[in-house]
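S.K.: Okay, predicted coordinates and the sequence, questions at the end:
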Amino acid sequence: MSSDELAISVRGLGKRYEIYERPKDRLKQMIMPRLQRLTKATPKAYFREFWALQDLSLEVRRGEAVGILGRNGSGKSTFLQLVCGTLHPTTGEVKASGRVAALLELGAGFNPEFTGRENVFLSGLIYGIAENELRARFEEIVEFAEIGEYIDQPVKTYSSGMYVRLAFAVAAFCDPEILIVDEALAVGDVYFQRKCFRRIAKLRERGCTLLFVTHSIDVLLRLCDRGVVLDHGRMIYDGEAKPAVAAYLQSVFGTHTTKPNEAEDEVSSSTSLEAEDVDESTTIPRGSNDTFAVRPGYNRDEVRVGDGSAQLIDFAFKGVDQGSPVLHAGERFALQARYRFRDAAEKLIFGVQVRTRDGISVYSANTFTCDGSVHQFDAKAVVMAEFDMVNTLLPGQYFLSVGVSRFDEAGEIVALDRRIDAIVFTVIGEPRHASGLADMRLQVEVAAEADVGEAR
Ligand SMILES: Nc1ncnc2c1ncn2[C@@H]1O[C@H](COP(=O)(O)OP(=O)(O)OP(=O)(O)O)[C@@H](O)[C@H]1O
């Protein structure tokens, strides 16, 4: 590739931090090397090295849209900051050719004491826009950001949404040749996000190069033709967007798979809430061990509540044999969950809930809301529930909560074991014909009414 075609070129890039366990170690590190030199003692380091990013090389062509994926702490922001020049590399080099506009994490960029107006001009000048050009674009920027009269207030008084709207508007209306966006857009509301995506699409039509960090697979597939996956500061994938998503999901969930026979164990008793035609090859292996936290799709950040008299010990999506749970929009699927009862219990209800990444409940139901039934099991029973559902979700990432509760004497619901947001799954589906959460299967008929014009 000729250098003219290249927007960004990165060679052997690395960023190392020195981590001090205690503040006094930092002080020792400043003083001791001198002392050690004087006394000819063997030098000693009082920190441990941490590589936030290591040995990264890649080239980005002009007009290309590259999405950066990776779990938390994998080095995504460090990489973007190195490309923008707000961080200095420990090793390697970055060459970016063209006007770079960057929308990094919230808080970076604007001076909080200055008004919105002052910050727009300041940022515009930093981006290299001529003063008269900036004045001409000012109204457009403010209108896009929907800031109104707040434009003359200090930005420290802005909500995070207002801040991001203005920062994006400045970056996008300064005709960047390279636009770098770090997760920031996730702060804005959905309406504004869509406006931003339309603006980004326009910039791309003009040949703007895009470097984009996101946790949203959906957004990545929509905006980017290429995906780079980072894991523990190293690049583990660079290529087409779809396989990049698979590599990312593998890096997030794939390390937790166990062989089915690892969970094999003598079963005290097993009662299936839905006993009919269970396909052994695609169901969770029999057993009474707690293997929940080693299943693909398990979310370590789950919240768990309950009185401990029963435990949710395993789960699987029936028939879904990928490393990480990927479900197809519009299709039926079944979640199997296994419970182990410490104590005998009655008036039991088994439930599931689906929530978005923002915590919005999309669906919540249980055996009682389904058909009014309650269950009863003996102490030491091992029970399997199969939740069969139609996936009417639109593509995206969702959290599943699963649990078992009971009605007490007063008719109140008491949680035995409720694992909130314990499972992460991805919904895929094409073509993308709608946006939002649920597929409401829109059908539209539009027809002209001949006499409307005459009646006016
Ligand atoms: N100034 C610093 N000193 C020490 N460690 C740092 C510093 N800045 C970042 N790190 C560490 O470097 C690693 C990579 O951080 P980075 O912010 O690039 O990750 P990320 O992939 O953007 O994460 P997230 O998705 O959570 O934003 C993390 O482990 C972070 O704690």
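M.R.: That came through fine. Numbers count the residues shown, from 1 in each chain.

S.K.: from what I can see Asn119 touches Val155, true?
M.R.: Yes. Applying C-beta atoms under 8 Å, one finds Asn119 in contact with Val155, separated by 5.7 Å. No exception for glycine: its C-beta is placed from N, CA and C like everyone else's.

S.K.: so what sits against both of those two?
M.R.: Overlap of the contact sets of Asn119 and Val155 (by C-beta atoms under 8 Å, 6 or more residues apart in numbering) consists of 110-111, 166.

S.K.: out of the residues you listed, who's nearest Gly75?
M.R.: Nearest to Gly75 out of those is Phe110 (C-beta to C-beta; 25.0 Å).

S.K.: how about that closest one, secondary structure?
M.R.: Under DSSP: H, G, I helix; E, B strand; the rest coil, Phe110 falls in the coil class.

S.K.: List the contacts of Asp238.
M.R.: Contacts of Asp238 by C-beta under 8 Å, 6+ apart are 58, 226-229, 244.

S.K.: what about it, helix or strand, and which?
M.R.: In the assignment (DSSP states H and E), Asp238 maps to strand 234-240.

S.K.: how about that strand: buried residues?
M.R.: 234-238 (16 or more other C-beta atoms under 10 Å).

S.K.: now the strands: where do they sit in the stretch 101-250 of the chain?
M.R.: Ranges of strands within the stretch 101-250 of the chain are 178-182, 209-213, 226-231, 234-240, based on DSSP state E, counting those that start in this stretch.

S.K.: right, so of those strands, which gets closest to Glu346?
M.R.: Nearest of those to Glu346, taken as C-beta to C-beta: strand 226-231 at 47.2 Å.

S.K.: starting at the chain centroid, how far to the closest one?
M.R.: Here strand 226-231 is found 13 Å from its chain centre; the criterion is C-alpha atoms, centre = their mean, to the nearest Å.

S.K.: What helices and strands are in contact with it?
M.R.: Helices and strands touching strand 226-231, by 3 or more C-beta pairs under 8 Å, 6 or more residues apart in numbering; DSSP states H and E, are strand 65-70, strand 234-240, helix 241-253.

S.K.: Direction included, what does that strand pair against?
M.R.: strand 65-70 (parallel), strand 234-240 (antiparallel) (DSSP bridges).

S.K.: For the ligand, find the nearest of those strands.
M.R.: With respect to the ligand, and counting by C-beta to the nearest ligand atom, the nearest of the strands paired with strand 226-231 is strand 65-70 at 5.0 Å.

S.K.: What average pLDDT does that closest one get?
M.R.: On average, the pLDDT along strand 65-70 is 93.

S.K.: What of stretch 342-362?
M.R.: 89.

S.K.: Just the buried positions in it, please.
M.R.: 345, 347-355.

S.K.: from those, which single one is nearest Ser401?
M.R.: Set against Ser401, the nearest of these by C-beta to C-beta is Gln353 (4.2 Å).

S.K.: What about the closest one? Give its phi and psi, please.
M.R.: Backbone torsions of Gln353, given as degrees, to the nearest 10, read phi -140, psi 140.

S.K.: distance of it from Leu179?
M.R.: Distance, Gln353 to Leu179, by C-beta to C-beta, to the nearest Å: 38 Å.

S.K.: Give the next helix or strand downstream of the helix or strand of the chain with the lowest mean pLDDT.
M.R.: With mean pLDDT, DSSP states H and E as the measure, the helix or strand of the chain carrying the lowest mean pLDDT is strand 270-272 (a mean of 35). Where DSSP H and E defines the elements, the next helix or strand beyond strand 270-272 is strand 303-305.

S.K.: what's in contact with that following strand?
M.R.: Residues contacting strand 303-305 (C-beta under 8 Å, 6+ apart): 415, 417-422.

S.K.: Please pick the buried ones from these.
M.R.: 415, 417-422.

S.K.: Can I get those residues in a markdown table including distance to Ala438 and secondary structure?
M.R.: Output for the buried ones among the contacts of strand 303-305, formatted as a markdown table (distance: C-beta to C-beta, whole Å; DSSP: H, G, I helix; E, B strand; the rest coil):
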| residue | distance to Ala438 | secondary structure |
| --- | --- | --- |
| Ala415 | 27 | strand |
| Asp417 | 28 | strand |
| Arg418 | 24 | strand |
| Arg419 | 24 | strand |
| Ile420 | 21 | strand |
| Asp421 | 19 | strand |
| Ala422 | 22 | strand |
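
S.K.: List just the nearest of the residues you listed to the ligand.
M.R.: Minimum distance to the ligand across the buried ones among the contacts of strand 303-305 is 17.4 Å, recorded for Asp421 (C-beta to the nearest ligand atom).

S.K.: In this structure the closest one contacts Arg355, no?
M.R.: Yes. At 6.5 Å, Asp421 counts as touching Arg355 under the criterion of C-beta under 8 Å.

S.K.: Now do the shared contacts for those two.
M.R.: Common neighbours of Asp421 and Arg355, using C-beta under 8 Å, 6+ apart, are 399-401.

S.K.: Kindly reformat the residues you listed as TSV containing neighbour count and secondary structure.
M.R.: Formatted as TSV, these follow (neighbours: other C-beta atoms under 10 Å; DSSP: H, G, I helix; E, B strand; the rest coil):
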residue	neighbour count	secondary structure
Phe399	20	strand
Leu400	25	strand
Ser401	21	strand
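
S.K.: Name the nearest of those residues relative to the ligand.
M.R.: Among those, and counting by C-beta to the nearest ligand atom, the member closest to the ligand is Phe399, at 17.3 Å.

S.K.: residue contacts, that closest one?
M.R.: Contact partners of Phe399, counting by C-beta under 8 Å, 6+ apart, are 299, 354-357, 421-424.

S.K.: same thing but 7 Å
M.R.: By C-beta atoms under 7 Å, 6 or more residues apart in numbering, the contact set of Phe399 is 299, 355, 421, 423-424.
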